[in-house]
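In: Quick one, structure for this:
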Amino acid sequence: MRLREFSSDSSVDQELVALTALLKQQSENAGASPKISLSSFMQLARNLGINNLSKEQLVDFATKPPLNGVIQSVTGDEVLFKGAEDEQMDTEAPSPDENAKIVDKMAQKQAKKSLKSKF
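Out: Predicted structure coming up:
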């Protein structure tokens, strides 16, 4: 038997928090969305030695501290990390009207610079 089998759930929580933080950091470094498939997450947890974690337990853990600080939600077949909604909102493209305004401002600034450099 492993010592882990006699330990409390808090060590499992800590290992899951560490796993989640690592996965979130890797997704940020890669420029990917901060989420992972549930099956991949569960496999990585098993690789850490957390063998008897079910989806229901993960959902329960994700609603309580400390995991609720790093996991936004566990839905269907995805684990969504905290901060994912904010990052998704930041990556939304501006509307065509906003694009036109930006281009106009850039053109006006460039025209002013061109006029100043001629004199």
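In: Now do the residue nearest the centre of the chain against Ser11, distance only.
Out: By C-alpha atoms, centre = their mean, the mean C-alpha position of the chain lies nearest to Pro34, the distance being 2.5 Å. Distance from Pro34 to Ser11, counting by C-beta to C-beta, to the nearest Å: 25 Å. C-beta: built from backbone N, CA, C; applies to glycine.
In: Ile36 too?
Out: Distance from Ile36 to Ser11, by C-beta to C-beta: 22 Å.
In: The two: which is more packed in?
Out: Ile36 (21 against 12; other C-beta atoms under 10 Å).
In: ok but the more buried one is inside a strand, no?
Out: Yes - remark: Ile36 belongs to a strand, assigned using DSSP: H, G, I helix; E, B strand; the rest coil.
In: List the beta-bridge partners for it.
Out: Val79 (DSSP bridges).
In: who's in contact with it?
Out: Leu23, Ser27, Glu78, Val79, Phe81 (C-beta atoms under 8 Å, 6 or more residues apart in numbering).
In: If you rank those by neighbours, which is first?
Out: Val79 (24 neighbours).
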